[in-house]
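In: structure of the sequence below:
(2 chains)
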Amino acid sequence: MTDDSASQTPELLRRLLRAKDRMDAASHEDWPVQRLARVSHVSEAHFARSFKEAFGVPPHRYLLTRRIERAMAMLRDSDLPITEIAFQTGWRSLGTFGRIFRDITGQKPSELRAQARAGAGPLGSVPACIVSAVHRPDLRTSVLEKRRRPSGGKKNTSTKEVR
Amino acid sequence: MTQGVQVAGVYVHDQDEALAFYVDKLGFRVHTDVRNGDYRWLTVQHPDQPSFQLGLFVPGPPMHDPATAQALRASVAKGAMPPLVLTVDDCRVVCEQMRAKGVEFTQEPVDRYGTVDAGFRDPSGNGWKMIQLRR
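Out: Predicted structure coming up:
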């Protein structure tokens, strides 16, 4: 099977989309596979694989992107303390939040906040959902892989080929 | 001279299902519903916006080969089609009315940027944002 997504029916995809929507709506909540599988009416064994086929990322990694995206928005648009932002976006520990945030964005939350405040004009009348999607971090590799990647050596970020 | 977009369409999984949704639940009305064999040209219209028709189209012949139709159906079901925005006078009130009719909301009404918006999907997976008109 070279193209798995071709084998997924619109009916299945529509049900998987419900699970994705539920994570979007409440990314701060816990989303164990059994809960997601229930939303989609598929078996747990089937869920993670089907979701990745459909949307290109495993469900948990997708959830992390949504949480980081929300955290980035709150850092940018609110004055809430970083601890508060971490808890409100679904992390139980500030340490984990900080580590994953840095793994994904390459910055500390405080750095991102300072940078966002310094630059950036308003995005005017672009709908909020599009604005947040535009700012969503791109997680093509797993967080672990990202962490393993040497941070100093490679200078290929700007020209990196997007697959 | 007044000109503008007359028809824009969305791809739907099933035209009868879509028709029931847009007419019975969202309050659109049928503008055109004509058939030629298996092909059905179906557009609906918002009562407050008679100059615009929303087409409810099914991917397939004569426009698409089977593989393309399948890809389009999958894209719709994955929620990958472009965003749609509905303007209303009162987002919370309309949201309640629609919810009572069984509309699937993906986002509860939220105060944002001086207005209120909510999100829902049609049965096929097309995502709508419902935004309250600024006063």
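
In: hmm, B:Phe105 and A:Asp21 touching each other?
Out: No: at 9.3 Å, A:Asp21 does not count as touching B:Phe105 under the criterion of Cβ atoms under 8 Å. (C-beta placed from N, C-alpha, C; glycine too.)

In: and these two? which has more neighbours close in?
Out: Between A:Asp21 and B:Phe105, counting by other Cβ atoms under 10 Å in any protein chain shown, A:Asp21 is the more crowded of the two (21 against 17).

In: so where does the residue lying closest to that one once chain neighbours are set aside fall, helix or strand?
Out: Closest residue in space to A:Asp21, ignoring its immediate chain neighbours: B:Thr106 at 4.4 Å, by Cβ to Cβ, 6 or more residues apart in numbering or on different chains. Secondary structure assigned from DSSP states H and E places B:Thr106 in strand B:104-112.

In: got the contact list for that strand?
Out: A:18, A:21, A:24-25, A:128-129, B:91-92, B:95, B:98-99, B:116-121, B:127 (Cβ atoms under 8 Å, 6 or more residues apart in numbering or on different chains).

In: if we go to 7 Å?
Out: Contacts with strand B:104-112, where a contact means Cβ atoms under 7 Å, 6 or more residues apart in numbering or on different chains, come from A:21, A:24-25, A:128, B:91-92, B:95, B:99, B:116-121, B:127.

In: before we move on, back to that, so how far is A:Arg35 from the residue nearest to A:Asp21?
Out: Note on B:Thr106: its distance to A:Arg35, by Cβ to Cβ, to the nearest Å, is 17 Å.

In: swap in A:Glu29?
Out: Distance from A:Glu29 to A:Arg35, by Cβ to Cβ: 9 Å.

In: now the helices for the chain?
Out: In the absence of a named chain, chain A is used. For chain A, applying DSSP state H gives helices covering A:10-25, A:33-40, A:44-55, A:59-77, A:82-88, A:94-105, A:109-118, A:128-134, A:143-148.

In: was after chain B, sorry
Out: Under DSSP H, chain B gives helices at B:15-20, B:66-77, B:91-100.

In: tell me the most buried of those helices?
Out: Most buried of the helices of chain B, by mean neighbour count (mean count of other Cβ atoms under 10 Å in any protein chain shown): helix B:66-77, with a mean of 18.

In: quick one: contacts of it?
Out: A:5-6, A:8, A:10, A:13-14, A:17, B:11, B:13, B:59-60, B:64, B:81, B:124-126.

In: can you select the buried ones from those residues in PyMOL?
Out: To isolate the buried ones among the contacts of helix B:66-77 in PyMOL, judged by 16 or more other Cβ atoms under 10 Å in any protein chain shown, type:
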select buried, (chain A and resi 5+8+10+13+14+17) or (chain B and resi 11+13+59+60+64+81+124+125+126)
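
In: residues from chain B in reach of chain A?
Out: B:13, B:70, B:73-74, B:77-79, B:83, B:85, B:106-107, B:112-113, B:117, B:119, B:125, B:129 (Cβ under 7 Å from any Cβ of the partner chain).

In: which residues touch B:Ile100?
Out: One correction, residue B:100 is Ala, not Ile. Residues counted as contacts of B:Ala100 (Cβ under 7 Å, 6+ apart): none.

In: and it, how far is that from B:Gln107?
Out: 18 Å.

In: switch the helices of chain A over to a markdown table; also include mean pLDDT.
Out: Formatted as a markdown table, these follow (pLDDT from 0 to 100):
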| stretch | mean pLDDT |
| --- | --- |
| helix A:10-25 | 97 |
| helix A:33-40 | 97 |
| helix A:44-55 | 95 |
| helix A:59-77 | 94 |
| helix A:82-88 | 96 |
| helix A:94-105 | 93 |
| helix A:109-118 | 89 |
| helix A:128-134 | 72 |
| helix A:143-148 | 58 |
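
In: what's the burial count for A:Thr96?
Out: Neighbours of A:Thr96 (other Cβ under 10 Å): 11.

In: which non-adjacent residue is nearest B:Val12?
Out: Here the residue nearest B:Val12, using Cβ to Cβ, 6+ apart, is B:Ala18, at 3.9 Å.
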